[in-house]
Structure formats: structure tokens, C-alpha cells
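1. compute the structure for the input listed below.
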Amino acid sequence: MDYKRRGTVLIFNQERFFCTLNLRERSGTATDKENLTERFQQLGFNVETHDDLNKNDMMDKLRKAANADHRDADCFVCVFLSHGKDGHVFACDDKVDIKEITALFRGDQCESLVGKPKIFIFQACRGDTTDMSVTGMAQVENSSDVEEDAASIYTLPAGADFLMCYCVAEDLPLEYQMDNKQRGLALIFNQEHFDLKLNLNQRRGTAKDKASLTERFQELGFKVKAYDDIKKKKMLCILRKAAEANHTDADCFVCVFLSHGDDGHVFARDNTVDIKEITALFKGNRCRSLVGKPKIFIFQACRGKVHENAVTHLARGDSEMSSEVVEEAAILCTPPAGEDFLMCYCVSEGFVSFRNPSNGSFYIQDLCETLQEQASTLEFTELLTLVNLKVSRRCAANNKQMPCFTSMLTKKLYFKPKKERSCNTLPH
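-> Now for the predicted structure:
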């Protein structure tokens, strides 16, 4: 961050909307714009603000920014103060696809920002339901004056060095209490074989991933339960049992899926399982003993059929590995529905992930290696960022994989060693 310029900040402030959209005026947004402008100027940014633009004008401003020369800039920031819905943010006259926006700034479209942070901030609600208070939640002052923004469904970026920020809790990031009697339960669902009717390939190499994850999580003090090739009914039964268990003495909960996936679902042996249905079991209103504790979900399954092209100085994979690498079937990203969830994906939305039949998947093996080396010292989301970097530097037939994670954690998470640990593996 020592370039000549800090960079550009675009702020799109949408207060009023056409009557045809049936959206309320966003009173108070001018104050947000002023505060953001002042803060970013203090950080050295060149701030451009735009009020109540239509879709065409908004896209023109974004294309101009993407086509600009950022070689002497540290980074780029774009802020949207608006309503949103179904993966879109609203201009004054129409909705704009968030994927279309971020695509403009990917490495193959905006080369002068390759390797530099691209930060997108969205002040817009992302759902139609209010998260229920389950314990000790502070009341908002003047709650009668508080308004809700229209809904916007979460959308992941599709490239390296993106940071997507969505409006959420504003508490300072203290550390999670990780000194309970037990570290917690780690479930691993390892799906290598599938019923013929699903027309899915065998996932050779996944046993290596399961073994590596089991070893790493045991080292961290987790009680690991691993399941192989189970059907949907049994998978959901195990998940419900875990959600109904007493986690009072545990630090956190981890659940890993090694499988194929499609359209917001992960595959059991015989059928798809809705990811939202899985995470809903562990929300605060259904799993009270995990309220205020980290709930970590890890998905080794691809979420698209598009390759991410290498755009600059990517490390080449071993020739033996590259020739054997296979692609995973697709799975679409689904955000968690509550506080203290951390969702970890082996690949960004719309792209493929790679698995070596002998050595396991790129993502899980790099995750396990990083856990072994730095789990006790790095904050966990920082560790995941390092994993992102490692995987992004691999190549398979000149295609790269870009992992991602979305955090609804409200504090910092460290897996510091416990004085006394008890590790148990329960094979099934």
C-alpha cells in the first residue's frame, strides 16, 4: 500500500426511486454518504459521489472506473447505498446485477487492479425476514424510527482480491471465548460414491481429504465424527441430532461436506440436500447451546462450470498433478441465516474446483497444511485468506481456482492450544 495514490472511491447514493419500482425513499442516506466521504478522504482516497443515478448512468460510471489506469493506486473501493433484491442493487429506475458489477473489475477486464484489493460495500438489506433475537440482544435506540431497506440476496465475487462488505452488526470484534471444557464437535460427510440415477462421477481422492481433515481437527482438540457415502435421510438425521445436542461446554461447531453440489444443494449418496435447510438447524432459535459460538461450515464442492483464467504470474502446478486433476460438479453459494456463522467454499461462485485422485483436493489440502502450520497463531479468517492465496497460485491446465468465505462472525476467532485436550474419532 505504498503506491503514489491511495485510489478511487465511488459512492452511489440512491435515496429516491421511480414509482414503478414500489420502493420507499431512503431517508437518512445523505448522512451515510457524508460520513463515508469524510472517512475515505481522511484515508487518502479520491472520492466520487453520485446521487440517484439511473441504471445506464451507473453502469457507465462503473465501466469508466474499470477502464481507468490504476497502476499507481493502492486499491479500489465502491459503495452502494440503496435497496436491493435477488442478487441485485437498485438504481433509481431499475435493478443492477451485482455479478455484472464485480465482473468489470476482474483481472481479465481490469488488468491495472490485478493483485490489488477491490472493496465493495453494500448498505442494503439482504433478506425478507428479520433475524429473531434469541439472547441478550441490545435494543436499538429510537427503534420506532428505524426503517428496513428492501431485500438483497447475497452474491459472492468471482475473482481474486475481492472483499464484499454487507451491512451487519457494528460491535467491536472482540475474541470468542475458546476456553470451554471441550473444543467441540466436527462432522465430516465424505461422499465418494453416488447412486447411478444421479449421474455423478466417483470422487476419487476424497478419502485423502477426509484423513487430512480428521488429523488436523483432532490436533485442534475437536471430537471428529466422519461418515462415508450416506444417504440424505441419514445425513439429515445426524445433523438434527448434532443440532439438538448440548454444546454448552464446547467452544464451537464445525461441519464439513466433501461432495458434489448443485444449485444451493450438496449431494448425499442418493439425493440433494438444501444447504439452507442444513444451516437453519443451527440457528439460535433452534440450537440455543451454540448461540454466540462460531458455527463453521466447509464445502469442498464446485459451484459452477466456468474456468477462471489465469491473468498474471500464477504458479504452474506439477505436471503430474495437472494431468490427473479432475473438476467437481457445480454447487451454488448459499449464505448463512444467522449470527456467528462462517461459510467456507473451495471456489468462488460460477467457477470450478480441482481434485487430484491421489493427493486430494487443492483447497482441502492447502487448508489442512495451513491449519497444521498456523492454526494456533493466526486469527481464523486471516488463515482462510492465506489459504485463498495458496490455492489461487495453483494452476490446472492454465485454469486457476479461487476459494472464498463469507463471515457472519461477530468476534475474532483463534484456535489457541488448550491445556488439556481429549480427541476422539468415531468412524462410521
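
2. state the number of residues packed around the closest residue to residue 290 other than its chain neighbours.
-> Leaving out its chain neighbours, the residue that sits closest to residue 290 by CB to CB, 6 or more residues apart in numbering is residue 247, at 4.9 Å. Using the backbone N, CA and C atoms, a C-beta is placed for each residue, glycine as well. Other residues near residue 247 number 23, with proximity taken as other CB atoms under 10 Å.

3. pLDDT at residue 247, what is it?
-> Predicted confidence (pLDDT) for residue 247: 98.

4. then residue 181?
-> 95.

5. just checking, it touches residue 249?
-> Yes. Counting by CB atoms under 8 Å, residue 181 touches residue 249, with 4.1 Å between them.

6. hmm, back to that, quickly find the element holding the residue nearest to residue 290.
-> Using DSSP states H and E, residue 247 maps to neither a helix nor a strand.

7. which SS state does residue 74 fall under?
-> The three-state assignment at residue 74 reads strand, by DSSP: H, G, I helix; E, B strand; the rest coil.

8. which non-adjacent residue is nearest it?
-> residue 1 (4.5 Å).

9. just residue 94 next, same as before
-> residue 55 (4.3 Å).

10. residues in contact with the one you found?
-> 91, 93-96 (CB atoms under 8 Å, 6 or more residues apart in numbering).

11. who wins for most neighbours among those?
-> residue 91 (23 neighbours).

12. from residue 48, how far off is the nearest residue to that one once chain neighbours are set aside?
-> Leaving aside its chain neighbours, residue 91 sits nearest to residue 55 (4.2 Å; criterion: CB to CB, 6+ apart). Using CB to CB, to the nearest Å, residue 55 is found at 18 Å from residue 48.

13. check residue 42 too.
-> For residue 42, the distance to residue 48 - CB to CB - is 16 Å.

14. more neighbours: which of these two?
-> residue 48 (15 against 8).

15. show me what the more buried one is bridged to.
-> Residues in a beta bridge with residue 48, per DSSP bridges, are residue 10.

16. and the strands in the stretch 51-200 of the chain?
-> Remark: strands assigned in the stretch 51-200 of the chain by DSSP state E, counting those that start in this stretch are 73-81, 84-85, 88-90, 95-97, 118-123, 162-166, 182-190.

17. pLDDT of the helix or strand that the last one is followed by, averaged?
-> This points to strand 182-190. Using DSSP H and E, the helix or strand that follows strand 182-190 in sequence is helix 206-219. Average pLDDT, helix 206-219: 96.

18. so what does helix 206-219 touch, helix or strand wise?
-> Where contact means 3 or more CB pairs under 8 Å, 6 or more residues apart in numbering; DSSP states H and E, helix 206-219 is packed against strand 182-190, strand 223-228, strand 250-258, strand 360-361, helix 362-374.

19. columns distance to residue 6 on top of the ones you listed, output as CSV?
-> CSV is the format used below for these (distance: least, CB to CB, whole Å):
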stretch, distance to residue 6
strand 182-190, 41
strand 223-228, 45
strand 250-258, 37
strand 360-361, 38
helix 362-374, 30
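
20. what comes up buried for stretch 374-386?
-> 375, 378-381, 383-384, 386 (16 or more other CB atoms under 10 Å).

21. out of those, who's nearest residue 291?
-> residue 380 (19.1 Å; CB to CB).

22. how about that closest one: what's its closest non-neighbour residue?
-> Per CB to CB, 6+ apart, closest to residue 380 is residue 413, 4.1 Å.

23. pretty sure the one you found contacts residue 379?
-> Yes. Between residue 413 and residue 379 there is a contact under CB under 8 Å: 6.4 Å.

24. helices along the stretch 1-150 of the chain, start to end?
-> For the stretch 1-150 of the chain, the helices defined by DSSP state H, counting those that start in this stretch occupy 29-42, 55-67, 98-103.

25. with the stretch 251-400 of the chain instead?
-> Using DSSP H, counting those that start in this stretch, helices in the stretch 251-400 of the chain cover 275-280, 319-324, 362-374, 380-392.

26. show me how far the first one is from its chain's centre.
-> Yep, that's helix 275-280 we're talking about. 15 Å (CA atoms, centre = their mean, to the nearest Å).

27. buried residues of that helix, list them for me.
-> 275, 278-280.

28. check stretch 257-275 too.
-> 257-262, 264-270, 272-273, 275.

29. same deal with stretch 411-419?
-> 413-415, 418.

30. measure that stretch end to end?
-> 22 Å (CA to CA, to the nearest Å).

31. pLDDT averaged over it - what is it?
-> Here the average pLDDT along stretch 411-419 is 91.

32. widest-spaced pair of the buried residues of stretch 411-419?
-> 413 and 418 (14.7 Å).

33. quick one, which of the helices of the stretch 251-400 of the chain is nearest to residue 356?
-> helix 319-324 (5.4 Å).

34. residue 116 reaches residue 71, doesn't it?
-> No. Residue 116 lies out of contact with residue 71 (CB under 8 Å); the separation is 9.5 Å.

35. more neighbours: the two, which one.
-> residue 116 (18 against 12).

36. quick one: contacts for that one?
-> 70, 73-76, 161.

37. run the last query once more with 10 Å
-> By CB atoms under 10 Å, 6 or more residues apart in numbering, the contact set of residue 116 is 1, 3, 7, 70-71, 73-76, 105, 110, 161.
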